[in-house]
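one predicted model, sequence on top.
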Amino acid sequence: MPTTEKRAYRKNLASQGLLYLGFEEHEIWVVNLSLSGLLAVLKVEPQVNGIKDIFNALQVSPIVDFYLPSMRLAGEAEMVRAEATEGGFEIAIEFRNLSYDTDNLLYSRRAYRKNMTAPGHIVFNGNDYAFNTENVSVDGLMIRMLGRIEVADGTVAKFDYKHLNLEGEVKVVWVDHDDISTLMGLQYLHLQRDYIKGIPNFSYPPLEAG
């Protein structure tokens, strides 16, 4: 009697993208894609240290960030398989936190926003406020604070965010309120560091797809 194997439908395609692994962005070539994940070739420099770095990064954490500009997909995924090949690695990843870039913001050079929830502090008019991040990028933060906080767009404030070892000054870009909290978009002005470890850029498209 025939049986039906319950596997997600996979579409064969040839598309390029970016993968953030080991605190570096790597180019990938997507072989096929399904609703649950994708199979791709990860291109690395043909050096022993490069291969070792990839495996070491996977041992620390199998969670990676990815960006597929031609399909406007970005988010987090878990790498479930990686096999060394002559051209790099053949990798299989399963989507964990997927977003569809309907407005094509990434492709128009706005930085990738990584969903991340962690506490921090910000100072407005001499008062210290606690916040939790909604997402983080190389350009700024989206934060949420309890209560209604009245702050004008363009306000400059000092902040610290220990989760990524960030501190410095930010500018309030926009403010929104609901019944119990205040949501803010913040843009970095001055940071104590130039490089934000753990947050990919993804602010430019990779090589021409197709």
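Yep, it's here. Numbers count the residues shown, from 1 in each chain.

for the residue nearest to the spatial centre of the chain, list the residues it contacts.
The centroid of the chain falls nearest to residue 114 when counting by CA atoms, centre = their mean (3.6 Å). Residues in contact with residue 114 (CB atoms under 8 Å, 6 or more residues apart in numbering) are 65, 76, 135, 136, 137, 199, 200. C-beta here means a position set from N, CA and C on the backbone, and glycine is covered the same way.

any chance of CSV for these, columns distance to residue 119?
Below are the contacts of residue 114 laid out as CSV (distance: CB to CB, whole Å):
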residue, distance to residue 119
65, 22
76, 20
135, 15
136, 13
137, 18
199, 17
200, 22
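
how close does the residue nearest to the centre of the chain sit to residue 180?
Distance of residue 114 to residue 180, given as CB to CB, to the nearest Å: 25 Å.

what do you get for residue 198?
In terms of CB to CB, residue 198 sits 30 Å off from residue 180.

quick one, what contacts residue 115?
By CB under 8 Å, 6+ apart, the contact list for residue 115 reads 75, 76, 97, 134, 135.

again, 6 Å this time
Contacts for residue 115 (CB atoms under 6 Å, 6 or more residues apart in numbering) come out as 97, 135.

so what's it bridging to?
Under DSSP bridges, the beta-bridge partners of residue 115 are residue 135.

okay, helices next: where are they in the protein?
48-60 (DSSP state H).

please parse it into its domains.
10-100, 114-191 (automatic domain parsing).

now the last one, how far from the centre of its chain.
On the basis of CA atoms, centre = their mean, to the nearest Å, domain 114-191 is displaced by 18 Å from the centre of the chain it belongs to.

more crowded one of residue 198 and residue 180?
Ranked by neighbour count (other CB atoms under 10 Å), residue 198 and residue 180 place residue 198 first, with 14 against 9.

excluding chain neighbours, what is closest to that one?
residue 164 (6.3 Å; CB to CB, 6 or more residues apart in numbering).

how about residue 94?
Sequence neighbours aside, residue 37 is the residue nearest to residue 94 in space, at 4.1 Å (criterion: CB to CB, 6+ apart).

pretty sure that neighbour contacts residue 96?
No. Between residue 37 and residue 96 there is no contact under CB atoms under 6 Å: 9.4 Å.

these two: who's more crowded?
Neighbour totals were compared for residue 37 and residue 96, and residue 37 leads with 20 against 12 (other CB under 10 Å).

show the contacting residues for the more buried one.
93, 94, 95.

just among the residues you listed, which is most surrounded?
Ranked by the number of neighbours (other CB under 10 Å), the contacts of residue 37 place residue 93 first, at 24 neighbours.

contacting residues for that residue?
By CB under 6 Å, 6+ apart, residue 93 lies in contact with 37, 38, 77, 79.

can you tell me who it pairs with across the strands?
Note on residue 93: beta-bridge partners residue 38, residue 79, judged by DSSP bridges.

repeat for residue 127
residue 124.
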